[in-house]
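Engineer: From the sequence below, what's the structure:
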Amino acid sequence: MSRMRTRLVVVNVLVVTMMIGLAVRLWQVQVVRGKEFVSAAAETRTRAVVVPAVRGQILDAAGDALVRNRTTLVVSVDRTLLTRMPDGGQGALRKLGEVLGRPAKLLEKRIRSCGPGVTRPCWPGSPYQPIPIDQEVSTREALQILERQEEFPGVTAEVMAVREYPHGKSGAQLVGYLQPVTQEELEKRDGLKAAFSGVDLVGRDGLESVYDEELRGRPGLRRVQVDRLGKAIGVEQQVAPVSGDTLITSIDSRVQNVVEQALDGAMKRAPKADGAAGVVLDARTGRVVALASAPGYNPAIWTGGISEKEYQDLLSEKAGKPLVSRAIKGEFAPGSTFKVSSVSAMLRSGYPLNGHYGCPGSYMVGDRPFNNFRGIGLGTLTLHTALVKSCDTIFYKASYEQWLRDGGLHPKKPPRQPFENTARGFGFGKPTGIDLPGESAGRIPDRDWKKDLWGQTSAENCKRSRTGYPEVKSASRAAFLKRLAYENCVEGFLLRAGDAANFSIGQGDVLVTPLQLAGAYAALVGDGKLRSPRVAWALVRPDGTLVKRIDPPVTGKLPITEKERAYIKNALSQVASDGTAAGAFSGFPMDKVHIGGKTGTAEVWGKEDTSWFASFAPTDKPRFVVVVMVSQGGMGGQTAAPAVREIYEGIYGIKRPPALPDGRPASKLPMIARDGTVTR
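Structural biologist: Numbering: from 1, shown residues only. Predicted coordinates for the structure are as follows:
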């Protein structure tokens with residue numbers, strides 16, 4: 001009996017202990033950690049859906065869309081959810097492929113991360129965001145996915161805005177393109193992470209990159225109640241997205257198309273041409289009216305994913321690297337277009353503005369003859385005629401004399417270097433600061449540059465001076481290179497007399513970009529002020545409210561007087577009618593629009609010459625500066641100048657409808673109404 005009582009006592013104690021423990025646990029759950037578990041329970045019932053903002057449009061100066069949006073049904077896959085499934089999501093991808101009419105293997109490739117050794121298609125963005133795999137699905141396909149959500153875990157079908165390019169390849173390098181943001185970028189850029197919706201794209205080049213933050217807008221948020229299968233059963237909270245700003249540019253799409261066509265024609269006329277660039281600036285403001293590079297490409301290639309072959313073609317030397325803008329990134333010897341700087345250097349060095357100078361067929365620079373074009377002497381000339389007829393030997397002589405004045409091979413400290421310093425005063429040797437990414441600086445090779453280059457290359461040159469160039473098939477060429485390597489090994493740090501002579505006519509180691517040359521000519525024929533060109537004109541809200549006006553800043557002033565500028569401009573005004581470009585402009589109605597400018601023909605070893613023409617019009621009150629460069633295009637008067645003529649014919653409507661009926665760049669912003677419609 002006592003044994004039974006003992007057992008009952010033990011059982012009662014156990015029961016009481018368990019009840020106390022349960023009570024303590026309930027108190028913990030409901031009181032101590034109640035809020036935590038309520039929040040956790042709520043999270044299992046709701047899903048936060050980020051609503052991407054509509055990206056702002058990019059318009060030209062007349063309000064015509066360079067880049068706009070169109071709505072489409074997009075199917076996206078959450079790879080994180082798929083990989084958590086027992087079969088790794090293979091079954092869901094197989095069913096999805098059946099709905100979309102695409103092989104499951106292709107869908108697998110689209111959602112894998114890009115990386116070393118991974119060929120496209122692949123996903124270059126963050127693996128923790130929804131991955132778009134089809135941006136052109138039909139309503140029927142989308143409904144099949146949405147109505148059978150249990151068969152497609154992690155798969156969504158939503159109406160989204162995608163980029164559209166109405167002008168095709170015209171201005172492709174200018175506007176840029178979009179790509180998914182990478183996880184590394186999100187981690188490095190806190191501001192981007194805060195503003196990024198998880199499905200937005202970011203600008204990778206051009207205007208899309210520079211004005212990405214303004215164009216992207218702010219994403220919205222929608223908290224959706226879901227059942228255990230993930231189906232939406234209600235909306236708990238909703239914050240509307242804020243659309244991105246509209247970017248209005250100073251580009252005129254009509255002029256842009258004219259320039260693109262002129263470059264294509266120039267490359268066809270020069271069989272060995274491998275690239276070209278064209279720049280049109282407003283001579284008074286420094287705004288960019290057109291900026292083109294050939295070969296080009298259609299930026300729509302990025303929409304919906306790009307194949308490995310398409311991607312490699314954009315970077316291919318054989319295809320001409322169409323992804324690269326030669327207008328701002330290409331560096332080329334400018335040839336005689338550079339003489340406007342050399343004339344200015346002569347004037348700064350004390351040579352008389354109205355003096356007379358001999359133009360022999362050849363001039364001895366040290367112990368080496370430097371020839372005029374085809375060795376033809378032109379007698380005694382003024383600086384005016386030297387520019388019109390493009391005499392070289394006048395500039396060889398002046399530059400050589402200034403080199404000697406600086407001490408020659410044993411320079412004074414500090415050397416004056418008037419030709420080099422004047423070139424910098426024209427904006428050469430540094431980026432213009434245009435609102436586009438990746439601009440090149442060009443090169444002004446002075447004595448310091450020569451010394452730095454020697455420090456970087458002397459070891460290789462000294463090695464080659466001993467081993468030679470056995471890989472070069474031409475014996476004479478190999479012998480020349482070996483001798484040159486020896487000279488550069490021993491005294492490569494010296495700026496030689498020949499370097500100075502070549503500099504004066506824009507040859508040797510001098511490099512400029514087409515945009516730099518256009519900026520220098522705009523300052524020369526304008527008010528003498530250097531400006532940092534701008535493509536963007538204003539940022540405007542979708543309802544027309546002005547957010548910000550973007551003006552080209554003044555960055556410097558040409559190192560010559562107004563009288564000297566007028567003298568040079570007057571000389572250039574005769575080049576197209578009586579000088580080296582007269583053949584290209586034969587029959588052009590100069591009485592209607594008088595064109596001024598300067599041809600340039602720059603020699604490139606082993607290749608055809610680089611063809612240049614830098615111009616302005618009308619000569620009395622310039623409104624436009626137009627520069628064309630054709631790599632391997634031959635003589636400036638034969639290839640680049642005819643292309644410039646085509647551009648002016650298009651702008652002013654000579655033998656065709658005018659691109660600009662009033663013959664002037666736009667001076668007023670297009671008006672955007674509250675409903676988003678655009679008017680002038």
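Engineer: List the residues that contact L207.
Structural biologist: The neighbourhood of L207, defined by C-beta atoms under 8 Å, 6 or more residues apart in numbering, consists of I58, L174, V175, G176, L247, T249, D435, L436, V535, A536. Every C-beta, even on glycine, is put in place using the N, C-alpha and C of the backbone.
Engineer: Next, count neighbours for the third one.
Structural biologist: The reference is to V175. Look at V175: counted by other C-beta atoms under 10 Å, it has 25 neighbours.
Engineer: What is the end-to-end distance of stretch 284-299?
Structural biologist: 31 Å (C-alpha to C-alpha, to the nearest Å).
Engineer: ah, wrong one, I meant stretch 581-597
Structural biologist: End-to-end for stretch 581-597, by C-alpha to C-alpha: 8 Å.
Engineer: Counting by contacts, list what the longest helix along the chain packs against.
Structural biologist: If you go by DSSP state H, the chain has its longest helix at helix 2-27. Judged by 3 or more C-beta pairs under 8 Å, 6 or more residues apart in numbering; DSSP states H and E, helix 2-27 is in contact with no other helix or strand.
Engineer: That one: which residues count as buried?
Structural biologist: Buried residues in helix 2-27, defined by neighbour count with 16 or more other C-beta atoms under 10 Å: none.
Engineer: Spatially central, which residue of the chain would that be?
Structural biologist: G206 (4.2 Å; C-alpha atoms, centre = their mean).
Engineer: before we move on, could you check phi and psi at that one?
Structural biologist: With angles defined as degrees, to the nearest 10, G206 sits at phi 60, psi -150.
Engineer: Confirm that A614 sits in a strand.
Structural biologist: Yes: according to DSSP: H, G, I helix; E, B strand; the rest coil, A614 belongs to a strand.
Engineer: domains in the chain, as residue ranges please.
Structural biologist: 71-165, 447-494 (automatic domain parsing).
Engineer: Tabulate these in JSON lines, adding columns for mean neighbour count and distance to Q632.
Structural biologist: Shown next, in JSON lines, are these (neighbours: other C-beta atoms under 10 Å; distance: least, C-beta to C-beta, whole Å):
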{"stretch": "domain 71-165", "mean neighbour count": "17", "distance to Q632": "29"}
{"stretch": "domain 447-494", "mean neighbour count": "14", "distance to Q632": "19"}
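Engineer: wait, which of these is closest to L315?
Structural biologist: Comparing those against L315 with C-beta to C-beta, the closest turns out to be domain 71-165 (12.1 Å).
Engineer: the strands in the stretch 1-150 of the chain, which residues?
Structural biologist: 46-51, 58-59, 65-77, 131-134 (DSSP state E, counting those that start in this stretch).
Engineer: starting at the chain centroid, how far to the shortest one?
Structural biologist: To tie it back to what came earlier, the one meant is strand 58-59. With C-alpha atoms, centre = their mean, to the nearest Å as the basis, strand 58-59 stands 16 Å off its chain's centre.
Engineer: Need the residues that contact that strand.
Structural biologist: With contact meaning C-beta under 8 Å, 6+ apart, strand 58-59 is reached by 65-68, 175, 207-208, 215, 246-249, 670, 678.
Engineer: For those, point out the one with the lowest pLDDT.
Structural biologist: Across the contacts of strand 58-59, no position has a lower pLDDT than V678, which has 81.
Engineer: Now that residue: closest residue in space, sequence neighbours ignored.
Structural biologist: In this structure, V678 finds its nearest non-sequential neighbour in G63, 3.5 Å apart by C-beta to C-beta, 6 or more residues apart in numbering.
Engineer: next one: P445
Structural biologist: Counting by C-beta to C-beta, 6+ apart, P445 lies nearest to D509, which is 3.9 Å off, once chain neighbours are set aside.
Engineer: List the residues that contact the one you found.
Structural biologist: Applying C-beta under 8 Å, 6+ apart, one finds that D509 lies in contact with R443, P445, W449, D499, N502, F503.
Engineer: could you redo the last one with a cut-off of 10 Å?
Structural biologist: A333, R443, I444, P445, D446, W449, K450, L453, L495, D499, N502, F503 (C-beta atoms under 10 Å, 6 or more residues apart in numbering).
Engineer: Put together a markdown table for these, with secondary structure on each row.
Structural biologist: Written out in a markdown table, the entries for these read as follows (three-state DSSP):
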| residue | secondary structure |
| --- | --- |
| A333 | coil |
| R443 | strand |
| I444 | coil |
| P445 | coil |
| D446 | coil |
| W449 | helix |
| K450 | helix |
| L453 | helix |
| L495 | coil |
| D499 | helix |
| N502 | helix |
| F503 | helix |
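Engineer: Of those residues, keep whichever come out buried.
Structural biologist: Using 16+ other C-beta under 10 Å as the threshold, A333, I444, P445, D446, K450, L495, D499, N502, F503 are the buried ones among the contacts of D509.
Engineer: Please report how far the first one lies from S243.
Structural biologist: Yep, that's A333 we're talking about. 46 Å (C-beta to C-beta, to the nearest Å).
Engineer: Surely A277 is within a strand?
Structural biologist: Yes: if the criterion is three-state DSSP, then A277 is within a strand.
Engineer: Quick check, it in contact with V626.
Structural biologist: No: applying C-beta atoms under 10 Å, one finds A277 not in contact with V626, separated by 11.6 Å.
Engineer: got any residues that touch both of these two?
Structural biologist: Common neighbours of A277 and V626 (C-beta under 10 Å, 6+ apart) are V259, A518.
Engineer: got TSV for the strands of the stretch 1-150 of the chain, with distance to K557 too?
Structural biologist: TSV is the format used below for the strands of the stretch 1-150 of the chain (distance: least, C-beta to C-beta, whole Å):
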stretch	distance to K557
strand 46-51	50
strand 58-59	32
strand 65-77	33
strand 131-134	51
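Engineer: which SSE is L524 in?
Structural biologist: L524 is part of helix 514-525, with elements assigned from DSSP states H and E.
Engineer: sorry, back to before: what is the nearest of the contacts of D509 to L524?
Structural biologist: Taking C-beta to C-beta as the measure, L524 sits nearest to I444 out of those, at 17.3 Å.
Engineer: What residues does the closest residue to that closest one other than its chain neighbours make contact with?
Structural biologist: In this structure, I444 finds its nearest non-sequential neighbour in G429, 3.5 Å apart by C-beta to C-beta, 6+ apart. Listed by C-beta under 10 Å, 6+ apart, the contact set of G429 reads 420-421, 423, 441-446, 449, 510-512, 516.
Engineer: got it, and K569?
Structural biologist: Going by C-beta under 10 Å, 6+ apart, K569 touches V340, Y521, L524, V525, G526, G596, F616, T619, P622.
Engineer: Could you measure from the third one over to P622?
Structural biologist: So the one you mean is L524. 9 Å.
Engineer: So for these two, which sits in the more crowded spot?
Structural biologist: Neighbour tally, L524 and P622, criterion other C-beta under 10 Å: the higher count belongs to L524, 26 against 22.
Engineer: Check whether the more buried one really touches S573, as I assumed.
Structural biologist: No: using C-beta under 10 Å, L524 is not in contact with S573; the gap is 11.8 Å.
Engineer: hey, what's in contact with both of the two?
Structural biologist: Both L524 and S573 are in contact with F616, P622, where contact means C-beta under 10 Å, 6+ apart.
Engineer: OK, contacts around K169?
Structural biologist: E260, A292, A294, P295, G296, Y297, N298, P299, A300, I301, P322.
Engineer: what comes into contact with stretch 469-480?
Structural biologist: By C-beta under 10 Å, 6+ apart, the surrounding residues in contact with stretch 469-480 are G468, L481, K482, L484, A485, W605, G606.
Engineer: now, which of those lie within helices?
Structural biologist: Short answer: the contacts of stretch 469-480 in helices (DSSP H) are L481, K482, L484, A485.
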